[in-house]
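S.K.: got a sequence here, can you build the structure:
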Amino acid sequence: MTDIDGIVSTIAEALRKRGYDTLTPVQTAMIDPDLVDRDVLVSAQTGSGKTVAFGLALAPNLLEEDGRFERAATPLALAIAPTRELAMQVKRELEWLYEMTGASLATCVGGMDVRTERRALERGAHIVVGTPGRLRDHITRGALDLSDLRAVVLDEADEMLDLGFREDLEFILEASPEDRRTLMFSATVPRSIADLAKTYQRDARRVETVSEKKQHVDIEYRALVVANPDRENAIINVLRYYEAKNAIVFCSTRAAVNHLTARLHNRGFSVVALSGELTQNERTHALQAMRDGRARVCIATDVAARGIDLPGLELVIHADLPTNSETLLHRSGRTGRAGNKGVSALIVPMSARRKAERLLMGASVKPTWALPPTADEVIERDNERLLVDPSLNDAVSNDEAPLVARLLEAHGAEKLAAAFLRLQSGHRSAPEDLIPVTLEPQKKRREGEDFPVQTTKGRDADFGPSRWFSLAVGRNQRAEPRWLIPMLCRHGNLTKRDIGRIKLMQEETFVEIAEASAESFLVSLGPNKTIDRGINVRPVDGMPDFAAPERERAPRPPRDNADRPRRDRDDAYDKPPRKDWKKDKPSGGDFAGKKPYAGKRRDDDMRKADNEVWGDPKPAGDKPFRKSDDNAPWKKAKPAGGKSAFAGRDNGDRRGDKPAYAGKPKGGPGGKGKPGGKPFGGKPFKGKKKG
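M.R.: Residues are numbered from 1 along each chain as shown. Now for the predicted structure:
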């Protein structure tokens, strides 16, 4: 009797139809009779069959005694996934698993038509699969009734918390019945997951499978060290070397995904992109192209590729290093699934090697440190695949024999073989030449060896042949070996062992570099021969003459010369000092009739000259008189009784001897508006008739 024989008959029949002979460790753990009706917190590695595992765990709570469902009404189970792709994948897995039970499934995921989802919920569903945001939206609008819910499953719970879905998850769990069963599945169990389980689970049992303790045994990890400018070229060579049926390349940003997709497409790769900026329809088509073989390479971000399952995925490439060790495991977990072998290749620039070592150590992974495949190695691998091509072992059929004979007679076997080679290589991208790098210094440093930097005090006797280079920076620019050496290693593709003596001069620095690394050093600098901070580098013929006098700069003028006139700030613009403007105003030229230094405060002399230079006072009527103006006309012709012209007026004509805007009206026409001492609230007349 197998494990399959011990579960519900309809589920066992579906498993046998699917080709299951045995169950994975996590699936076997979930059919334990002791777990029935209990909350469970499961941690298992990616690709261990968690979807089928919680499908098996839900069956005793959902199915009737005959192993079938009753007529669909309100949902009995709810499965929550972090992304749309993972939710659709969970639905497909549960469809075939519950095929014999008469189950009705519905999805509620972002990016899909909400009206279609609402109609499916109205018709009734036994199991609902969705993303947190869309599920909460349906619950809020009353389209999703959770009153009869028996179980809730949180798939990839750690990722949902990382994506900021904690508030939505808490809302859904609080809206569910208290006597529900809660199952949490997560690749890792950080503290945030433990706190969530403690809050919303009752007496949960922790399930930790044996396979979790031995992470990704079917995955070969390779850390490929490259020069900083060669990252994309290394990716091309890795793809060409393995020629995987399906491969996925992870980038850190959407912009990096778009750039690398365009680059690989131009090189002839059948490639699709998968990022958050794509619509649901575009993402679905991209994944379908990978599944049916129309595309072989998928460029994706971490969020977009979370939880997706691509059958036959053989290669994972980390174009950008992940941010943490958990992300490294999740990325790599796309391959090596269900007992298949896979390769996870990390593209490690020389400047990021320390970071890669920390990530791998945190993931408890011991990779193989190596260099990316060279162009010659890629071509040799192509030849090996060609020699074992199965089509060469097939016998010539009767239909092919006449044409084969004609070709041999017309061209001969040698020309036919050459044509066959050209046809095979014509549809493949040519490999790239990579800048040579060395692994030995980094490897020895990890073993505890020290590599002393050669200084001006002398050099090791075994340094070997070398060449000298001059850097356009010296003591006057505060040059120091402690920042020059890392700069040379980073931009020149060097290691500390490649650098010999360093001689600091006043205006330049001489650096000794091993002859074996000199040519690659020049190539890495590019055509401009510059490194960081715009420092120029030039090769020196032979041994530099350190005793030769350096080029001297022109002496600076003495600072304590009393006869030297002090330059004002405006001297740089060929203007006279500002103090001259205050005394002598120009009478002609470009400054005639204009205020000098407009907008800035002037001294008393300039204030006194304002009324004389810039015109006489404006005539009465053009501007309302101020209250303190003794020349105001209404002060000479004041009405009897000392009251204003508006005193005791009615709603009739407001005109009189006094102007309509005289005094202190309370605002605009009619006396309405904000009170104030300015006519009509201080707003000028904009095209309106006064009075």
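S.K.: going forward, measure contacts between C-alpha atoms and count neighbours the same way
M.R.: Noted.
S.K.: which SS class is L484?
M.R.: Per DSSP: H, G, I helix; E, B strand; the rest coil, the local secondary structure of L484 is helix.
S.K.: quick one, domains of the chain?
M.R.: Using automatic domain parsing, the domain parsing of the chain gives 4-213, 219-381, 450-540.
S.K.: out of those, which gets nearest to L408?
M.R.: Between L408 and these, the tightest spacing by Cα to Cα is seen for domain 219-381, at 27.3 Å.
S.K.: run the chain-centre distance for that closest one.
M.R.: Between the mean C-alpha point of domain 219-381 and the mean C-alpha point of its chain there is a distance of 15 Å (Cα atoms, centre = their mean, to the nearest Å).
S.K.: what of stretch 530-544?
M.R.: Distance, centroid of stretch 530-544 to centroid of chain: 36 Å (Cα atoms, centre = their mean).
S.K.: please identify the buried residues of it?
M.R.: Buried residues in stretch 530-544, counted by 16 or more other Cα atoms under 10 Å: 530-531, 536-537.
S.K.: ok, so of the residues you listed, who is nearest G49?
M.R.: Of all the buried residues of stretch 530-544, the one sitting nearest G49 is I531; the distance, using Cα to Cα, is 51.2 Å.
S.K.: so that closest one makes contact with C489?
M.R.: No: here I531 lies out of contact with C489, judged by Cα atoms under 8 Å, at a distance of 10.3 Å.
S.K.: follow-up on the earlier one: now the domains of the chain in a markdown table, with mean pLDDT and distance to H411?
M.R.: Supplementary listing: the domains of the chain in a markdown table, determined by pLDDT from 0 to 100; distance: least, Cα to Cα, whole Å:
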| stretch | mean pLDDT | distance to H411 |
| --- | --- | --- |
| domain 4-213 | 86 | 50 |
| domain 219-381 | 88 | 26 |
| domain 450-540 | 80 | 45 |
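S.K.: sec struct for A516, please.
M.R.: Of the three states, A516 takes helix under three-state DSSP.
S.K.: and what of V343?
M.R.: strand.
S.K.: contacts only, for it.
M.R.: Residues near V343 by Cα atoms under 8 Å, 6 or more residues apart in numbering: 219-222, 314-316, 335-336.
S.K.: can you pull out the helices in the stretch 101-250 of the chain?
M.R.: With DSSP state H, counting those that start in this stretch, the ranges of helices along the stretch 101-250 of the chain come out as 114-123, 132-140, 157-162, 166-175, 191-200, 210-213, 231-242.
S.K.: which ones are touching F185?
M.R.: With contact set as Cα under 8 Å, 6+ apart, F185 has these partners: 41-44, 50, 153-157.
S.K.: which members of these are the farthest-apart pair?
M.R.: Taking Cα to Cα as the measure, those reach their widest spread between A44 and V153, a distance of 14.8 Å.
S.K.: re the thing from before, the contacts of F185, buried ones only, as a PyMOL selection?
M.R.: Selection of the buried residues among the contacts of F185 in PyMOL, burial being defined by 16+ other Cα under 10 Å:
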select buried, resi 41+42+43+44+50+153+154+155+156+157
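S.K.: H330: which of the contacts of F185 is nearest?
M.R.: When these are compared for distance to H330 (Cα to Cα), E156 wins out at 10.4 Å.
S.K.: so who does the residue nearest to the closest one when sequence neighbours are not counted touch?
M.R.: Nearest residue to E156 in three dimensions, chain neighbours excluded: S186, at 4.8 Å (Cα to Cα, 6 or more residues apart in numbering). If a contact means Cα under 8 Å, 6+ apart, then S186 has 41-44, 155-158 as its contacts.
S.K.: which member of those residues is positioned nearest A413?
M.R.: Using Cα to Cα as the measure, the one of the contacts of S186 that approaches A413 most closely is A44, at 56.5 Å.
S.K.: hang on, that closest one packs against V26?
M.R.: Yes: between A44 and V26 a contact is recorded at 7.0 Å, counting by Cα under 8 Å.
S.K.: quick revisit: quick check: bridge partners of the residue nearest to E156?
M.R.: According to DSSP bridges, S43 are recorded as the beta-bridge partners of S186.
S.K.: out of the contacts of F185, flag the one nearest to D66.
M.R.: The shortest distance between D66 and any of the contacts of F185, using Cα to Cα, involves V153 and amounts to 23.8 Å.
S.K.: how close does that closest one sit to R283?
M.R.: To R283, V153 is 25 Å away according to Cα to Cα, to the nearest Å.
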